[in-house]
Structure formats: C-alpha cells, structure tokens
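> build me a model:
(one chain, ligands or ions: 1)
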Amino acid sequence: MFLAKYGQGAPDNPFVSVGKPLLSLLNVDEFVPPEVDEVLVDDSLTLHMLNRLHRERLQEQAERPAPAVPLAEELPVAEKLYTEALDHAHEFMADARKGRDVDYHDAQPVVDGLIESVFRNESAAATMFKLRRFDEYSYTHCINVGVLAIILGKYLGQDKDTLRLLGLAGLFHDVGKARIPEDILNKPGELTTREMGIMKTHPLESYKIISNTPGPEQNILRGAIEHHERYDGTGYPRGLAGADIGIFGRIVSIVDVYDALTSKRCYRNAMPTYKALSLMYQWRDSSFAPNSIEHFIKCIGVYPAGSFVRLSSGEYAIVTEINMINASRPTVKILFDPWMRRKAAVAVDLLHDDGGLEIRECLNPAGYPVDLTTLLLA
Ligand SMILES: [Fe+2]
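Have a look, this model is predicted:
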C-alpha cells in the first residue's frame with residue numbers, strides 16, 4: 001500500500017501528494033494532518049507491500065506442495081477451456097459488431113473455469129495460451145489477457161471474487177475494437193494520425209459496451225477504459241497518471257502489452273518472450289507503476305511456462321513450470337536431441353539438476369517445424 005495523496009480542499013490544488021509507503025492502514029495518520037478526513041491509498045503493485053508479499057511468496061514456493069493436478073492431466077482440460085473461451089469471444093465480438101447488447105455475466109462460467117484451472121495447475125493454463133498459434137489475434141488476445149490477469153492477480157494475493165472480475169475485465173477490455181472499422185484494425189502498415197485517433201477510441205467504446213450490462217461492475221469498467229493509460233501520463237484516452245490509474249487498469253495494461261508483443265500481428269511477427277520482457281523492463285519507470293514489471297516477471301518467470309528453449313546439452317525443451325526461487329532455472333520437458341530428433345520426453349527440474357544443465361537460449365517456436373501443443377498433449 002502506498003499513501004498517495006489527500007484532499008486539501010483548495011479548488012486549484014485539491015490534493016496534496018504524499019508518496020509514503022504504508023505497511024498498514026493504521027499508519028496513515030502519521031503522514032496526514034489531523035483535520036484531513038479523506039486520503040487516497042494506492043493499494044496496488046507498490047514497493048513495500050509487494051516486497052513483503054514477495055518474501056511470503058518465496059517462502060510459500062520453497063514449501064510449496066505439488067500442484068493439485070499434474071500438468072499432463074490438466075493440459076487437455078485447459079485446452080478445452082481455452083476453446084470454449086474462444087467460442088465465447090467470437091460470440092460477444094460478433095454481437096458488439098452488430099450493435100447488440102453484450103452481457104459480460106454470460107462469460108462468468110468460462111472465467112470461473114479458467115480460474116479453477118489456474119488453481120489446479122497454473123502452468124497448464126499459462127502453457128496452453130502461449131502455445132496456441134491462431135491467426136486470429138482479436139479473439140486469442142482477449143482470452144490471453146483474461147488468463148494472464150487471473151495469474152497476475154493470484155500472484156498479487158487477490159481473492160477468487162476479485163480474480164473473477166479481473167478475468168472478465170481481461171476478456172472484455174478490447175470489446176470496443178468491434179466498433180473500429182476493420183480496415184483500420186487490420187491495416188498491415190502504420191496508421192495515419194486520423195486512423196490512430198479512431199483506434200484510440202476503443203477503450204471508451206469498450207466502456208460504453210460494458211456499461212450496458214445490467215449493474216456493471218466499476219472495476220471491470222475501469223480495467224477496460226484505463227488499459228491504455230500509462231503511469232507517466234502519456235497514455236490514452238484520458239492521460240491519467242500515477243495513482244489515478246486503478247489496480248485493474250494497471251494489471252490489464254501490463255498483461256495487454258505483454259500479450260500484444262508476444263503475439264503474431266498483421267504487421268509483425270511474435271516477439272520472443274525474453275525480448276518482450278526486457279523491453280517492458282526498460283519501460284518500467286515510465287509506462288508502469290513502480291515495481292510492477294519486476295513482479296510481473298517474477299510471476300510469469302524469465303522463461304514463462306510454454307517457452308521453447310535450447311539447453312546447455314544442446315537438447316531442445318519446453319518450460320513446463322516456472323521457479324520463483326531462481327527464475328532462470330524452471331522445470332523443463334526435454335523433447336528433442338541436439339539434432340532436433342524427437343526423443344522420449346524427460347522432465348528435468350533445473351534447480352535441482354546435479355549435472356549443471358541450464359538454459360542457453362530461448363527460441364521462437366515459429367521458426368521450427370514442430371507443433372509443441374501436440375507434443376505436450378501426447
Ligand atoms: Fe486495447
């Protein structure tokens with residue numbers, strides 16, 4: 001938690017910025033004059049809270065029991081859920097395009113299914129979304145952002161009710177793109193200033209569509225309208241900065257950028273995950289709330305589940321489980337020998353491997369004639 005500012009009541013300067021880290025709401029009074037009634041506490045993604053939370057996570061990880069369900073068992077379930085979610089995304093985008101009402105409550109069972117899958121075996125959901133290689137970015141992006149928002153929210157210690165809202169916010173954050181002309185949406189080249197102006201209306205369009213749902217949840221609305229806001233105020237549509245961007249907007253923006261960079265688009269190829277993460281790390285002080293990128297990287301790993309890697313032995317493997325104690329030493333499944341010949345799959349926990357096996361390189365699976373999903377599910 002972070003004490004961001006409190007009201008002073010002057011019309012030209014209604015707030016006083018404080019910027020004090022808080023370990024407990026009980027400490028607020030130490031930093032605020034006694035006559036002040038209301039204070040704004042920034043409760044997300046900030047240094048002290050997360051440092052403590054992260055220490056707890058490390059401890060949990062060290063003592064962590066095995067996932068409730070083994071990866072091999074959960075993967076087919078996660079795949080089925082992903083397909084269902086994809087069908088749903090097709091439906092609500094088509095409805096939005098035709099100007100029909102979209103009720104996000106209809107997606108609740110899908111999101112609940114994804115949450116349960118993440119709780120049974122987080123790596124299965126993460127691997128599945130990463131391996132899906134559809135050329136239908138508009139739909140896969142919704143699901144990926146929903147799943148990643150759930151995974152990041154879980155890492156941040158959010159309860160299941162909040163995770164459900166986060167999943168829905170992720171799923172519907174770009175629904176407003178249904179109102180953007182297709183030639184702008186799928187333009188292979190750079191957008192003109194006019195086209196960019198139209199494109200930038202999509203968060204507001206998402207907001208409008210979601211607000212037609214009966215009793216729309218504020219957090220979902222804010223997740224949608226704030227997902228292109230940036231911490232330094234350079235985002236859109238409102239140019240909000242710092243503590244004015246809510247936790248849903250922050251979480252959705254991080255996972256949105258990550259999925260956009262690592263997905264294939266009509267104007268460029270997918271960026272390998274390590275490259276996307278290092279780029280986002282460079283933007284850590286401008287685009288995102290303090291320490292949030294560091295924690296996102298810790299949450300999904302330097303080599304996220306589903307990454308295709310080459311090991312020091314020359315063999316090729318896929319990352320099946322990240323390791324929070326040492327992010328560069330996940331658990332992998334070796335699938336190919338150094339000459340890219342298929343071999344019997346062997347799972348190796350790189351943290352506890354006595355042979356000193358380590359990752360040499362993270363590869364882009366698109367450059368190899370392999371279908372990792374099939375191999376993993378086999
Ligand atoms: Fe967007």
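> centroid residue for the chain?
Centroid-nearest residue in the chain: residue 255, 2.8 Å away (criterion: CA atoms, centre = their mean).
> from residue 299, how far off is that residue?
10 Å (CB to CB, to the nearest Å). Using the backbone N, CA and C atoms, a C-beta is placed for each residue, glycine as well.
> could you name every residue contacting both of these two?
residue 152 (CB atoms under 8 Å, 6 or more residues apart in numbering).
> pull the contacting residues for residue 147.
Taking CB under 8 Å, 6+ apart, we find residue 147 in contact with 114, 118, 125-126, 129, 167, 170.
> that one is in what secondary structure piece?
Under the criterion of DSSP states H and E, residue 147 resides in helix 137-155.
> buried residues, that helix. List them.
For helix 137-155, the neighbour count (16 or more other CB atoms under 10 Å) marks 137, 139-155 as buried.
> do stretch 338-352 as well
345, 348, 350.
> mind pulling up the pLDDT for the nearest residue to the last one once chain neighbours are set aside?
Counting by CB to CB, 6 or more residues apart in numbering, residue 350 lies nearest to residue 329, which is 4.0 Å off, once chain neighbours are set aside. In this model, residue 329 is scored at 83, pLDDT.
> tell me how far residue 228 lies from residue 137.
16 Å.
> give me the element residue 320 is part of.
Here residue 320 is assigned to strand 316-321, by DSSP H and E.
> what packs against the helix or strand following that strand?
Later in the chain than strand 316-321, the nearest helix or strand by DSSP H and E is strand 331-336. With contacts defined as 3 or more CB pairs under 8 Å, 6 or more residues apart in numbering; DSSP states H and E, strand 331-336 has these neighbours: strand 308-311, strand 316-321, strand 342-349, helix 372-377.
> contacts for strand 331-336?
Contacts of strand 331-336 with the rest of the structure, by CB under 8 Å, 6+ apart, involve 309, 311, 315-321, 323, 342-343, 345-351, 359, 370, 372, 375-376.
> what strands flank it, and is each parallel or antiparallel?
Looking at strand 331-336 with DSSP bridges, its partner strands are strand 316-321 (antiparallel), strand 342-349 (antiparallel).
> CSV for those strands, including mean pLDDT?
Listed next are the strands paired with strand 331-336 as CSV, based on pLDDT from 0 to 100:
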stretch, mean pLDDT
strand 316-321, 88
strand 342-349, 89
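> can you redo those strands as a markdown table with distance to residue 239?
Listed next are these as a markdown table, based on distance: least, CB to CB, whole Å:
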| stretch | distance to residue 239 |
| --- | --- |
| strand 316-321 | 38 |
| strand 342-349 | 46 |
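> from the buried residues of stretch 338-352, which single one is nearest residue 247?
Closest approach between these and residue 247, by CB to CB: residue 350, at 33.3 Å.
> contacting residues around the closest one?
Contacts of residue 350 by CB under 8 Å, 6+ apart are 323, 329-332, 357-359.
> change it to 7 Å
329-332, 357-358 (CB atoms under 7 Å, 6 or more residues apart in numbering).
> so which pair among those residues is furthest apart in space?
The span of the contacts of residue 350, defined through CB to CB, is set by 331 and 358 at 12.8 Å.
> those two: who's more crowded?
Per other CB atoms under 10 Å, whichever of residue 331 and residue 358 has more neighbours is residue 331, with 20 against 13.
> ok, the residue lying closest to the more buried one once chain neighbours are set aside to residue 329 distance?
Excluding its sequence neighbours, the residue lying closest to residue 331 (CB to CB, 6+ apart) is residue 321, at 4.0 Å. In this view, residue 321 and residue 329 are 11 Å apart by CB to CB.
> for residue 34, give me the pLDDT.
Looking at residue 34, its pLDDT is 69.
> same thing with the one 3 residues further on?
Reading off the confidence values, residue 37 has pLDDT 59.
> can you check residue 8 too?
On pLDDT, residue 8 comes in at 48.
> likewise for residue 140?
Confidence score, pLDDT, at residue 140: 87.
> what does residue 362 give?
Reported pLDDT at residue 362 in the predicted model: 79.
> contacts only, for it.
By CB under 7 Å, 6+ apart, the neighbours of residue 362 are 272-274, 303, 307, 309.
> counting neighbours, which of the residues you listed comes out on top?
residue 307 (28 neighbours).
> so what's it up against?
Listed by CB under 7 Å, 6+ apart, the contact partners of residue 307 are 273, 319, 362.
> same deal with residue 205?
Residue 205 makes contacts with 176, 179, as judged by CB under 7 Å, 6+ apart.
> gap between it and residue 237?
In terms of CB to CB, residue 205 sits 10 Å off from residue 237.
> what's the helix or strand for residue 169?
In the assignment (DSSP H and E), residue 169 maps to helix 160-172.
> buried ones in that helix?
Judged by neighbour count using 16+ other CB under 10 Å, the buried positions of helix 160-172 are 162-172.
> need the next SSE after it, C-terminal direction.
Where DSSP H and E defines the elements, the next helix or strand beyond helix 160-172 is helix 182-185.
> who does that following helix touch, helix- and strand-wise?
helix 193-199 (3 or more CB pairs under 7 Å, 6 or more residues apart in numbering; DSSP states H and E).
> ok so, going back, now the strand holding residue 320: how far from the chain's centre is it?
Put simply, strand 316-321 sits 20 Å off its chain's centre (CA atoms, centre = their mean, to the nearest Å).
> pLDDT below threshold where in the stretch 51-200 of the chain?
Along the stretch 51-200 of the chain, the parts satisfying pLDDT under 70 run over 51-66, 129-135.
> swap the cut-off to 50 and go again
Filtered on pLDDT under 50, the stretch 51-200 of the chain yields the residue ranges 51-52, 54-55, 58, 62.
> on that earlier part again, and the helix holding residue 147 with helix 160-172, angle?
Orientation of helix 137-155 against helix 160-172 (axes from the mean of the first three to the mean of the last three CA atoms, to 10 degrees) gives an angle of 160 degrees.
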